[in-house]
Each structure stands twice: as structure tokens, then as C-alpha cells.
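>>> 3D, please:
(one chain, ligands or ions: 1)
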Amino acid sequence: MKTIEINIPVEVAKFEELSDTDRHLVELAREATYRSYSPYSHFRVGAAIALDNGEIVTGANQENVAYPSGTCAERSACFYAGARYPEAKFLTIAIAARDTNGNFVATPIAPCGACRQALLEYEMRAGHPVRVILTAADSLYILPSVSSLLPFAFTEF
Ligand code: THU
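This next block holds a predicted model:
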């Protein structure tokens, strides 16, 4: 028997250290939190996806009184991108969240399992890694790909 280890490289950065392109994407993700519909959790999440056609698509969590009928910001953005620009490839996704007090979270939040699975499909369709920027009020985590967030993913049958 042997043990294998899976390491995930995570860059820890400050907003000021980002390129102009990434800064803009983070700003759009933050702005998208203001379009969250979250009357039940009061947790506002925004996502912004940069596409290879130059467009940026945003999404925000949309809740429903029948809780499972709502969706997360990441899936709202990625399904919208797929529906609006079916030929475009994802380059980077930035995710931001504000807590129940309305403040940007102190520690970056990461997408839920369902969103990781959904995003992975778009990474596979792109045929290259899709960078993931997880943001908090004063810090950021940058991951090289969606697959790094979802080891042992189910990808085919
Ligand atoms: N949520 C997201 O939109 N993205 C995440 O990465 C985690 C959670 C939403 C779902 C729900 O509307 C609220 O945050 C509380 O879980």
C-alpha cells in the first residue's frame, strides 16, 4: 500500500498585486454581490467570468422559498455564460461574497461542490485551465484551475 498526496498550489495575494485585468474581474464579482437575491440566507455572493471573446459575464446567488430551487452565484454566472456565448471559452472566474452584515467576508469563500462540478465542465470544454480567484475583504486566493479545486472529479462515463 502507498499513500499519494495531492497538493493544490494556492497563491495568496492582495488586491493591489493583481494585474489590471484581474482587478477589474474582482471588482465586477464584488459589484455582482449587490445583485444577489438572498432574502433567506442574507449571504450575498457574486461571480465574474472572463471569456476568451473579451466579454465578462457576471452572476449572483438567486434564492427561492423552496430552498433547493435557488442557485449559487458561480452556477448563475457559468450557465449564463454558456447560454449567452456558447462558443466562448472561460479564462478566469472571480468570486466575492458579503456576509449577513453586508461586509465582504474576512476569508475567501470557495465554491460549493455542485458549482465545482459545473465549472469543471466548462474548463473541460475550454480545453485549458480556468483560473479561479477567491476573494475576501483584504486577501485573495488564486488557484490555477477548477480541477485543482475538485480532485478525483467525475468527468466521463
Ligand atoms: N452560495 C453561493 O452563491 N456560492 C458559494 O460558493 C457558496 C454559497 C450561496 C447559496 C446560498 O444562496 C447562500 O450562498 C448561502 O449558502
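
>>> now the helices: where do they sit in this structure?
20-32, 73-84, 113-126 (DSSP state H).

>>> What residues sit buried inside the last one?
By neighbour count on 16 or more other CB atoms under 10 Å, the buried set for helix 113-126 is 115-120, 122-123, 126. No exception for glycine: its C-beta is placed from N, CA and C like everyone else's.

>>> The ligand is nearest to which of the helices of the chain?
In terms of CB to the nearest ligand atom, the element of these nearest to the ligand is helix 73-84, at 3.9 Å.

>>> The closest one versus helix 20-32: what angle between them?
Counting by axes from the mean of the first three to the mean of the last three CA atoms, to 10 degrees, helix 73-84 lies at 110 degrees to helix 20-32.

>>> Show me what helix 73-84 is packed against.
If you count contacts as 3 or more CB pairs under 8 Å, 6 or more residues apart in numbering; DSSP states H and E, helix 73-84 packs onto strand 44-51, strand 56-60, strand 90-98, helix 113-126.

>>> Looking at it now, give me its mean pLDDT.
Averaged across helix 73-84, pLDDT comes to 98.

>>> Likewise for stretch 15-25?
97.

>>> distance between the ends of that stretch?
One end of stretch 15-25 to the other measures 11 Å (CA to CA, to the nearest Å).
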